[in-house]
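Colleague: Prediction below, plus the sequence it came from.
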Amino acid sequence: MTDVRSQAMLDKHEIVELIQNWGFWRDQGNWERLRNTFHPEGTITVSWFSGPFSEFIRRSMNMRKTRSHAKHVIGGTMVGIAGNRATAETNVTITNRMVLKGVPLDSTAWGRFYDLLEKREGAWGIVKRVAIYEKDRFDPLEPGTSLPFAKADLGNFPEAYCHLGYSLAQGGFSVSPDLPTPGSEPLARLHAEGEAWLNQ
């Protein structure tokens, strides 16, 4: 029993470290190390992209040429393990500095990463990641500056990520209106998928 419990604790530690490293390597542009956080067939869905993780890396590299660097502040992680499979749900805050219609802004988005992971040849890797969005906001850098849009301009996106969605759309990115948000059907389906992953 002690050996089983010790292994479970070690697995959880390795998963949490993997997720923390993802944030550092993504923000620092350490693309080769970042690539190794996912298994080769792994997929990722975030506000501006859904598809193979290898393509996400390529597009992230291109994004850094036109947008300022995002900062992922990764918090607590809940891990569930069943043999060589695991799920992890991790708090994340994403900040960015941008100029939107001539106005310098800081953007902040709060949410969670939901990961399906698998241990292969002794190493954990992410098979699927989906971002869950909870709320977001813009803050002008200069106090008293008006935001360069009307509230109605944000209506094409769910409230949980309307500012982020609007800024990305202004930059030419396609943003899904059906990403998981608190209490949504996409979130319920995602959690059900996680339960099925552990029970296979």
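Modeller: Cool, the structure landed.

Colleague: Mind checking what secondary structure the spatially most central residue of the chain has?
Modeller: By C-alpha atoms, centre = their mean, the mean C-alpha position of the chain lies nearest to residue 131, the distance being 4.2 Å. Following DSSP: H, G, I helix; E, B strand; the rest coil, residue 131 is assigned to strand.

Colleague: same thing with the one 5 residues further on?
Modeller: Of the three states, residue 136 takes strand according to three-state DSSP.

Colleague: Give me the number of neighbouring residues for the closest residue to it other than its chain neighbours.
Modeller: Sequence neighbours aside, residue 109 is the residue nearest to residue 136 in space, at 4.0 Å (criterion: C-beta to C-beta, 6 or more residues apart in numbering). For the C-beta atoms, the positions are set from N, CA and C on the backbone; glycine is no exception. The burial count assigned to residue 109 is 22, neighbours taken as other C-beta atoms under 10 Å.

Colleague: Could you do the one 4 residues further on as well?
Modeller: With neighbours defined by other C-beta under 10 Å, the count for residue 113 comes to 22.

Colleague: can you pull out the strands in this structure?
Modeller: Shown for the chain, the strands assigned by DSSP state E span residues 38-46, 49-52, 71-82, 85-100, 103-120, 123-140.

Colleague: Direction included, what does the fifth one pair up with?
Modeller: Taking DSSP bridges as the criterion, strand 103-120 forms sheet pairs with strand 85-100 (antiparallel), strand 123-140 (antiparallel).

Colleague: okay but residue 131 is in contact with residue 109, surely?
Modeller: No - using C-beta atoms under 8 Å, residue 131 is not in contact with residue 109, being 9.1 Å away.
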